[in-house]
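Trainee: sharing a model that was predicted from the sequence below.
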Amino acid sequence: MIVEKAIKTQPMVIQLGPSHPAMHGTIKIVVELDGEVVTRADVEIGYLHRAFEKHCEEGTYFQAIPYTDRLNYVSPMICNFGYGMGVEKLLGIQVTERCEFIRLIMSEISRVSDHLTSVGASAMELGAMTAFLYMIKAREFFWELIEAACGARVTVAFVRIGGVKADLPEGFGEKARRAISEVRQTLKEVDGLLTKNPIFTDRMQGVGAITTADAVSYGFTGPLLRACGVNYDVRKYQPYHVYDRLNFDVPTGSNGDNYDRYLVRMQEIEQSLRLIEQALAKIPPGPINVDLEGRVMAASEMTDRGKLGDTQGLTDYRAFLSPNLQGMEKSRYQLNNTTDKNVALPPKESVYTSIEGLMNHFKLVMLGHGIRPPQGEVYSAVEGANGEFGFYMVSDGSDRPYRVHVRAPCFPLMAALHRMIEGGMVADIVPTFGSINMIGGELDR
Amino acid sequence: MTAESITIRRLKEAFGSHIRETHAYRGDDTVVIDREALVNVATLLKQDADLEYSFLIDITAVDYLKTDKAPRFEVVYHFFSLPHKQRVRIKVPLAADDLEIDSLVPLWPGANWYEREVYDMFGVRFRGHPNLKRILLYEEFEGHPLRKDYPYNKRQPIVKPGGNI
């Protein structure tokens, strides 16, 4: 007591970030400290703002696809599909069944790689370097799958409006099963390293907790909400793709603290692996765009009909050509896409060889033509790795989106960050912030 | 056309005169209301036992300058009901010369950042907001970039008057 009176103390304000090794991406937290206890915190965001929504309005519907990769750059496929689904809803079109399966498989692969990164990075920040390296190794297997399917690892741009860029490559199923068994093995190892490790649990249990009522009123979704015991998952509540045809559980926690978030993410990885296995077993085989069957004709016949002026309905046919022609091997990739002529790009073979194909292609890619959804507005949501990832889109009937708004799952989580760290120790900011898995791309847009 | 959803029916019963329009385009329930009714509508959505829209999913706005729609702005709210697995969109039209609307922060603290973003991007002022300042852009930024009359290629580097860079 005497000492306390003799030493004059005052609260100290320090700034964490925007350039700080534990601030993934760039964000600033201004904290007021009483000793080591955080008494107030103010979170500042916006350092990664790059006018995503404004840029979307300036380009055509196609041109926004690469931007959506950069929203959540740890699981870009899910953002891709969210955007694609939004435009498809605006157009009122359906994609093929095989495409739904491909999207589901790639979504789950992305979700696993996102959770692996998130858990690994937050473990590393608590000193568990081994767990991080194991997780990154496991993630590498999944990124190889993504690379095999689309050619890129991060900036994938895999979605096409009405389909996906490419069919799954040869031997994908086998490769995926090998990767899954590797990830399972890693999960077991990491589980052994972390879950009952007192150094880890002491830092995680009871830290960064938020009550269920608060989580709901802040609009939490995803693993953080489920760690509070609410089993909301877009995949279960409003199923898209083919989630309603596959079996999976929605793991939940009870305490809403960092430890439960860790457990929920670890269990979700296992559920995602289950989904991938089921989808690989159930995916419908072969060429997908069944509507084209019987509507293929020899290029010569097509040319003859064109010369005679008999072009009625000719654009619905695909030309059958010599397989030696350049670009021919790409045709099977087209089969993932919808048959809707005013949405999907035609196969290259018909673009190169027929005037109808060329016109079809031209009409879609030229500025001022392109995809023109009817006037209206839609909201479409997918379950991103961090929670509900929604697109609100307004069309004015032109070839450019009138308005695209992204409902990023991180945004409400970050809005409540101060609630999770106030009253705790300054050292607990790092694991709590890590458990949110903030992604600057989707937060700041 | 299927029957009206329970949400639209309940809102029409309770706020008939304040409801300007309803539709369910592509299956999304949408209700356009007067701004005076916003807080009451939101309270009903949250507390009514048949609705229970406990999640405020999103707040954004649209500038309809380039269309013939009047008034110019619309603030758009998305709500989600967990027990009923329902979504609803509430839209509030606002005239350009009177961009003010009640804040929903007292009902949902999560509205705080969403409203700041709408203020930042569109200049809509929220009455009763505890801390209405820019969120994604910096304080010195001039204008509201998601308005349709803001040129998309305009640059605003942070330059202090008289300073070197």
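Mentor: Nice, I can see it. Numbering: from 1, shown residues only, chains lettered A, B, ... in the order given.
Trainee: in the chain, where is pLDDT below threshold?
Mentor: The chain I'm using is chain A. Chain A contains residues with pLDDT under 70 at A:1-4, A:25, A:285-296, A:313-342, A:347-349.
Trainee: nope, chain B
Mentor: By pLDDT under 70, the low-scoring segments of chain B are B:1-3, B:159-165.
Trainee: 50 instead, please
Mentor: Low-confidence segments of chain B (pLDDT under 50): B:1, B:165.
Trainee: burial of the closest residue to residue B:85 other than its chain neighbours, as a residue count?
Mentor: Excluding the flanking residues, the one nearest residue B:85 by CB to CB, 6 or more residues apart in numbering or on different chains is residue A:237, at 5.1 Å. C-betas here are computed from N, CA, C, even on glycine. Residues lying near residue A:237 (other CB atoms under 10 Å in any protein chain shown) number 18.
Trainee: contact residues of chain B facing chain A?
Mentor: Residues of chain B lying close to chain A (CB under 8 Å from any CB of the partner chain) are B:25-26, B:28, B:30, B:54-58, B:60, B:62-63, B:66-67, B:76, B:78, B:82, B:85, B:87, B:89, B:108-110, B:112-114, B:121, B:134-138, B:145-146, B:150, B:152.
Trainee: could you redo the last one with a cut-off of 6 Å?
Mentor: For chain B, the residues in contact with chain A (CB under 6 Å from any CB of the partner chain) are B:25-26, B:28, B:54-56, B:58, B:60, B:62, B:67, B:78, B:82, B:85, B:108-110, B:113, B:136, B:145, B:152.
Trainee: residue B:58: what secondary structure?
Mentor: strand (DSSP: H, G, I helix; E, B strand; the rest coil).
Trainee: show me what the top helix by length along chain A is packed against.
Mentor: Scanning chain A for the helix with the most residues, using DSSP state H, yields helix A:97-125. Applying 3 or more CB pairs under 6 Å, 6 or more residues apart in numbering or on different chains; DSSP states H and E, one finds that helix A:97-125 contacts helix A:76-91, helix A:129-150, strand A:163-164, helix A:258-282, helix A:429-436.
Trainee: what is the end-to-end distance of stretch A:385-404?
Mentor: This stretch, stretch A:385-404, spans 21 Å end to end (CA to CA, to the nearest Å).
Trainee: returning to what we had before: filter the residues of chain B next to chain A down to the ones in strands?
Mentor: If you go by DSSP state E, those have B:55, B:56, B:58, B:60, B:62, B:78 in strands.
Trainee: not counting its neighbours along the chain, what's nearest residue A:178?
Mentor: With sequence-adjacent residues excluded and distances taken as CB to CB, 6+ apart, residue A:178 is closest to residue A:141, at 7.7 Å.
Trainee: what number of residues lie near the one you found?
Mentor: Neighbours of residue A:141 (other CB under 10 Å): 21.
Trainee: can you redo the ones in strands among the residues of chain B next to chain A as CSV with neighbour count and distance to residue A:428?
Mentor: Shown next, in CSV, are these (neighbours: other CB atoms under 10 Å in any protein chain shown; distance: CB to CB, whole Å):
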residue, neighbour count, distance to residue A:428
B:55, 26, 28
B:56, 25, 28
B:58, 25, 30
B:60, 23, 33
B:62, 23, 40
B:78, 24, 33
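Trainee: which two of those have the greatest separation?
Mentor: B:55 and B:62 (21.3 Å; CB to CB).
Trainee: list the residues that contact residue 18.
Mentor: Defaulting to chain A. A:26, A:28, A:47 (CB atoms under 6 Å, 6 or more residues apart in numbering or on different chains).
Trainee: that's the other chain; I wanted chain B
Mentor: Counting by CB under 6 Å, 6+ apart, residue B:18 touches B:33, B:34, B:37.
Trainee: kindly export stretch A:225-232 (C-alpha atoms) in CSV.
Mentor: Listed in CSV are the C-alpha atoms of stretch A:225-232, where the atom choice follows Å, rounded to 0.1, in the frame of the first residue of the first chain:
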residue,chain,number,x,y,z
LEU,A,225,-20.4,-18.0,-33.6
ARG,A,226,-20.3,-21.8,-33.5
ALA,A,227,-17.8,-21.7,-30.7
CYS,A,228,-20.5,-19.9,-28.7
GLY,A,229,-22.8,-22.8,-29.2
VAL,A,230,-25.0,-21.5,-32.0
ASN,A,231,-25.0,-24.0,-34.9
TYR,A,232,-25.6,-21.5,-37.7
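Trainee: how about residues contacting that stretch?
Mentor: Residues contacting stretch A:225-232 (CB under 6 Å, 6+ apart): A:212, A:215, A:250, A:252, A:253, A:254, A:256, A:260, A:261, A:264, B:82.
Trainee: from these, which is closest to residue A:284?
Mentor: After measuring the contacts of stretch A:225-232 against residue A:284 - CB to CB - the closest member comes out as residue A:250, at 26.2 Å.
Trainee: from residue A:272, how far off is the closest one?
Mentor: Counting by CB to CB, to the nearest Å, the separation of residue A:250 from residue A:272 is 12 Å.
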